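>>> need a 3D model of the sequence below.
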Amino acid sequence: MKKNLLLLLFLALAIFSTAQGTVVVGDCTVTFNIHGEDAGTNKNLSGATKTLYVKGKLARTDIESTGFKQTIIYDNKAGSAVVLKEVGPDKYKTVYTPEKWNSENKKYEGMKITPTTEKKTILGYECKKIIATLKDGTSYSMYYTTAIMPSANENPFQFKDIQGFVLEYETSMGAGKSKIVYTATVINFNPVPASKFEIPSAGYRLLQ
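Presented below is the predicted three-dimensional model:
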């Protein structure tokens, strides 16, 4: 009985409604399918996965493929980030101050958002489509739902001014490059362990 009451309490703290009716999600884990828009890109992405963890003002993304793993832990309150990379047996860590993280995401400066009338349903949520256009002319689409919103943004530059939860989006390496599509396939609202956001102090080569 006590265990059930504690679970209900955690869920109540993790999910709460805003005045606009949007549910703000304070704890969640989202799994994304990764695929390319052509056969060659799909082949290169074979076995790749992405997992997003949100807890309070912290966000963590894990992207894994054969022989490679990248973890980004972003503190929405401080504006700082830590990037961990594992390439085969080698492990690297880069610590970004808010200024350095801003510079790392400079390509998103001046990004223009164009709403569309297109919609699709993802994980039972009706999602609106927008087109984001960067200064270099690169454009990509995003689908987001206004029914829920994460308490922490995994990248406030890439998803700037999106008033909802992005459940599908495109990326590319530049204008004319093949696009990579990330689509949410599972969302879990159980509390995320605080250990997911602990920064390792040893075992990684520190990069500047």
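
>>> and the residue nearest the centre of the chain, what's its pLDDT?
Residue closest to the average C-alpha location in the chain (C-alpha atoms, centre = their mean): residue 154, at 4.2 Å. Confidence at residue 154, expressed as pLDDT, is 94.

>>> next one: residue 143 from residue 165, what distance?
Distance from residue 143 to residue 165, counting by C-beta to C-beta, to the nearest Å: 10 Å. For every residue, glycine as well, the C-beta is placed using N, CA and C.

>>> swap in residue 191?
On the measure of C-beta to C-beta, residue 191 and residue 165 end up 18 Å apart.

>>> please name the bridge partners of residue 181.
Using DSSP bridges, the bridge partners assigned to residue 181 are residue 35, residue 170.

>>> how about it, what does it touch?
By C-beta atoms under 8 Å, 6 or more residues apart in numbering, the contact set of residue 181 is 34-37, 168-170.

>>> what's the burial count for the nearest residue to residue 125 once chain neighbours are set aside?
Nearest residue to residue 125, sequence neighbours excluded (C-beta to C-beta, 6 or more residues apart in numbering): residue 145, at 3.8 Å. When neighbours are defined as other C-beta atoms under 10 Å, residue 145 has 23 of them.

>>> also residue 93?
18.

>>> can I assume residue 143 sits in a strand?
Yes - per DSSP: H, G, I helix; E, B strand; the rest coil, residue 143 lies within a strand segment.

>>> residue 195 versus that one, what's the distance?
The gap separating residue 143 from residue 195 is 31 Å, by C-beta to C-beta.

>>> so for these two, which sits in the more crowded spot?
For residue 143 and residue 195, the more surrounded residue by other C-beta under 10 Å is residue 143, and the numbers stand at 25 against 6.
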